[in-house]
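**Q** how would this look folded up:
(2 chains, ligands or ions: 3)
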Amino acid sequence: MAEPVLLRNVGVPDSHKIEVYMQRGGYQALRKALKEFQPAALVDLVKRSGLRGRGGAGFPAGVKWSFLPKGVYPRYLVCNADEGEPGTFKDRVLIEHDPHGLIEGIIISCYACEVNTAFIYIRGEYEFGARRLEQAVQEAYARGFLGKNILGSGFNLDLIVHRGAGAYICGEETGMLTSLEGDRGHPKLKPPFPASEGLYRKPTVINNVETLFNVPFIVERGAEWYTSMGTEKSPGLKLFCISGHVNKPGVYELPLATPLRTLIYDYAGGPLEGKPIKAIIPGGSSTPMITPEHLDVPLDYESLAAIGTMLGSGAVVVIGEGTCIVRTVERLAEFYRHESCGKCIPCREGTDWLYKILHRIEHGGGREEDLPLMLDICNNIGGKSFCPLGDAALGPVRSSIAHFREEYLQHIREKRCPFQD
Amino acid sequence: MLSDKAKSEIQQLKARYPHPNSALLPALALAQKEHGWLSPEVLEEVAEVMGLSPAQVGSVASFYTMFNRRPVGKYLVQVCTNVACSLLGAEHIVEHLKRKLGINVGETTPDGLFTLLEVECLGSCGTAPVMQVNDTYYENLTAEKIDQILAELRRR
Ligand SMILES: Cc1cc2nc3c(=O)[nH]c(=O)nc-3n(C[C@H](O)[C@H](O)[C@H](O)COP(=O)(O)O)c2cc1C
Ligand code: SF4
Ligand code: FES
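**A** Numbers count the residues shown, from 1 in each chain, chains lettered A, B, ... in the order given. Ligands and ions are numbered 1, 2, ... in the order given. Here you go, the predicted model:
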């Protein structure tokens, strides 16, 4: 197994302290960026590296940065640390163990995008992580990496750690901005995209924690180093969070396009109690589940799309034989029902119906017509909701009906859950 | 009521942001830290310091699950029952807590010590099953571990 890059400080004693971070080479990339690069050259570097957004959608980071309208200031940067997609816990590991790595990534990205005020929007539950970040920000100010005239470069940056308060929809970028403006976290219609009109209606860059965390390494080692890993369209390193029925759940760093089997067997120690695998959710709760016949799929954006699912946030949930799929999907439907912000009808009503139908199937009250009914509801949510949360709710429902129709029918025929004794 | 210290901290928060309204969530969190929950009176005070209408502040507070609009116990026990935790027995964890505390989900023990809730993914799926008690995560839970945790919290 290769020497870790993104996770190199995880497990090092006191890795969250600035002395330790600097002893291990920290803040050298920032020096290099400020000394050797003009902002536009940095945007170009990140573009050439092919780094794609790690929050779920996989949009190329450098391309997004180049959408900022010329000459419009102030500009803002918001780091998305809302990490709410069930199954995902990689950003928390970075924040708690390597807060300075994230801060360095943010400073360099702000220099590239000519931003002087940045925010980290961290989910409210991450109290410990937020405190670590606050301390690290103080340390960075004290050493002159934040504040006025950073390292004598003339570049100024203020960084504010902002805590959320429990709402998955605030992970959606426009919901996050309305929340940061002090409002209910309701999504907004795009366009205008945040790059042209975002926070306080000013140009705003929004990137995931892991995306920004990659930037110092790209500055230090170059775009070619990054593109030497993964595939042409999915270059570089990715953090995978693996959970569920495996022996060694956790966060692992792998080059993109590593086979799913390698992650499950070589890294995560294989299925728990040797139980055969029944299904895998490959990229967070909203990504369509797949069956073990796809164990050799390379974990990259294109290969997963080719089999009808998504890389998403890189959150792999392994579901072993003996688990009720209807129960699992019912629980996910409950999540989307709870997290629907209620702004638009297809999502608000649709997620409620899906949950109720799944609940009655699981508890013995299912009807023959429930499966076509659920697919019909999916069609009425899909593409007709205001923001992507509506679509996200459909992944588990549609894919489970496609792969486990017989299990649903058995629940309906026997008027009970066959997995309950 | 909101202490003078809290009020002045909210003023400082307002000055920290390019736009003062951005301080609303941190202000509500601060008020909740002081009072344990956000009563209509506290919400009104926050509104006054923020220079916003009580209706606006109430509407924002009601949107976010971490803002308690009813009193809660000294220890808010929140068990994740989402997918990864559920695969590893979160239901049993909830059942065990219900039995040990003698309450249902959503209730508070008569001595005011514990409130039990089920919550969504806590971002700790690799160490499932997980619960959060106030600010602290407890991971890789088992029935025995829960008994120890409850005993320790009762002793505090
Ligand atoms: C419902 C919903 C929830 C989301 N939650 C998150 C999240 O928790 N963290 C995150 O980084 N991105 C999340 N996203 C994606 C963001 O909207 C946005 O695309 C991302 O933060 C951009 O950063 P990136 O390009 O670096 O990935 C979510 C999107 C949707 C629709
Ligand atoms: S799709 Fe759902 S979450 Fe998105 S705006 Fe509509 S109701 Fe809100
Ligand atoms: S599913 Fe329980 S912490 Fe993520």
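**Q** where does the residue of chain B most remote from its centre land in three-state SS?
**A** For chain B, the residue at maximal distance from the C-alpha centroid (CA atoms, centre = their mean) is B:Pro18, at 28.0 Å. Under DSSP: H, G, I helix; E, B strand; the rest coil, the three-state class of B:Pro18 is coil.
**Q** Wait, it touches A:Val115, no?
**A** No. With contact defined as CB atoms under 8 Å, B:Pro18 and A:Val115 do not form a contacting pair (12.0 Å). No exception for glycine: its C-beta is placed from N, CA and C like everyone else's.
**Q** can you list the residues of chain A near ligand 3?
**A** Proximity of chain A to ligand 3, by CB under 6 Å from any ligand atom, involves residues A:Pro86.
**Q** so where's chain B uncertain?
**A** Applying pLDDT under 70 to chain B picks out no residues at all.
**Q** Nearest the geometric middle of it, what residue?
**A** Note: chain B centre (CA atoms, centre = their mean) maps to B:Met66, 5.0 Å.
**Q** check contacts around it.
**A** By CB atoms under 8 Å, 6 or more residues apart in numbering or on different chains, the residues touching B:Met66 are A:124-125, A:165-166, B:29.
**Q** Same check on A:Gly198?
**A** Listed by CB under 8 Å, 6+ apart, the contact set of A:Gly198 reads A:76, A:78, A:177, A:204, A:206.
**Q** Apply 6 Å and report the result again.
**A** A:177, A:204 (CB atoms under 6 Å, 6 or more residues apart in numbering or on different chains).
**Q** Would you check which pair of the contacts of B:Met66 lies furthest apart?
**A** Farthest pair in those (CB to CB) is A:Glu125 and B:Ala29. Separation: 11.9 Å.
**Q** Pick out whichever of those two has more residues nearby.
**A** A:Glu125 (28 against 20; other CB atoms under 10 Å in any protein chain shown).
**Q** Doesn't A:Val318 lie inside a strand?
**A** Yes. Per three-state DSSP, A:Val318 lies within a strand segment.
**Q** which residue packs closest to it, ignoring adjacent ones?
**A** Nearest non-adjacent residue to A:Val318, counting by CB to CB, 6 or more residues apart in numbering or on different chains: A:Gly244, 4.2 Å away.
**Q** What is the neighbour count of that neighbour?
**A** By other CB under 10 Å, the residues close to A:Gly244 number 29.
**Q** If I look at it, what pLDDT would I see?
**A** A:Gly244 is assigned 98 on the pLDDT scale.
**Q** Tell me how far it lies from ligand 2.
**A** As judged by CB to the nearest ligand atom, to the nearest Å, A:Gly244 and ligand 2 stand 26 Å apart.
**Q** Can you verify my assumption that that residue contacts A:Gly320?
**A** No. Judged on CB atoms under 6 Å, A:Gly244 makes no contact with A:Gly320 at a distance of 7.5 Å.
**Q** Tell me the backbone dihedrals of the closest residue to ligand 1 within chain B, please.
**A** Nearest to ligand 1 in chain B, going by CB to the nearest ligand atom, is B:Gly123, at a distance of 9.1 Å. B:Gly123 has phi and psi values of phi 70, psi 40 when expressed as degrees, to the nearest 10.
**Q** Now for it: which residues touch it?
**A** Listed by CB under 6 Å, 6+ apart, the contact set of B:Gly123 reads A:83, A:89, A:92.
**Q** Can I take it that the first one is in a strand?
**A** In other words, A:Glu83. No. With three-state DSSP as the criterion, A:Glu83 is coil rather than part of a strand.
**Q** List the residues that contact it.
**A** Counting by CB under 6 Å, 6+ apart, A:Glu83 touches A:91, A:123, B:123.
**Q** Apply 7 Å and report the result again.
**A** Contacts here follow CB atoms under 7 Å, 6 or more residues apart in numbering or on different chains; on that basis A:Glu83 touches A:91-92, A:123, B:123.
**Q** Going along the chain, name the strands of the stretch 201-350 of chain A.
**A** A:204-208, A:237-244, A:250-255, A:277-281, A:315-320 (DSSP state E, counting those that start in this stretch).
**Q** Could I get the full set of strands for chain B?
**A** B:75-80, B:114-119, B:131-133, B:136-138 (DSSP state E).
**Q** nearest to ligand 2, of these?
**A** Of the strands of chain B, nearest to ligand 2 by CB to the nearest ligand atom is strand B:114-119, at 18.5 Å.
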